[in-house]
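Visitor: Return atomic coordinates for the entry below.
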Amino acid sequence: MFNKTLLIVLLGLSVAIYALPPNPLVLKKAHGAFCHLCEDLIKVGKDGKEAGDVALDVWLDEEIGTRCKAMLLLAKECLKELKVVEHDIQEAIDKDIPEDKTCKDVELC
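Guide: Numbering: from 1, shown residues only. Down below sits the predicted model:
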């Protein structure tokens, strides 16, 4: 009897939890942890094209790898998210699009 009651209660709780709408902060990728990183990459890229003789795409690829590794526990997620939007970041640097607009458009902020 106790096991059936416990099972019904747990089932009811799980249905109630899944029925509730998710918190908006949970929907934001990594809770905005990569927002500053995205904006910083664009700023540094625009400031004299830090890449120098290296092509922008190569510089950006290396910079994303280096900066994401520094995030330790979020490194894998960081690489995944920034690789998806790498083209948008590169376009923002090339076309002088504001970094806050770009990072919001790709949903990192």
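Visitor: what residues are up against residue 75?
Guide: 68-69 (CB atoms under 8 Å, 6 or more residues apart in numbering). Every residue, glycine included, has its C-beta placed from N, CA and C.
Visitor: Quick one: neighbours of the spatially closest residue to residue 46 that is not a sequence neighbour, just the number.
Guide: When the adjacent residues along the chain are set aside, residue 46 lies closest to residue 93, with 5.6 Å between them (CB to CB, 6 or more residues apart in numbering). Applying the criterion other CB atoms under 10 Å, we find 24 residues in the vicinity of residue 93.
Visitor: Which of the helices and strands in the chain ranks last by mean pLDDT?
Guide: Lowest on mean pLDDT, DSSP states H and E among the helices and strands of the chain sits helix 24-27, with a mean of 48.
Visitor: Please point out which parts of stretch 36-47 sit buried.
Guide: Along stretch 36-47, the positions that meet the burial threshold by neighbour count (16 or more other CB atoms under 10 Å) are 37-39, 41-42, 44-46.
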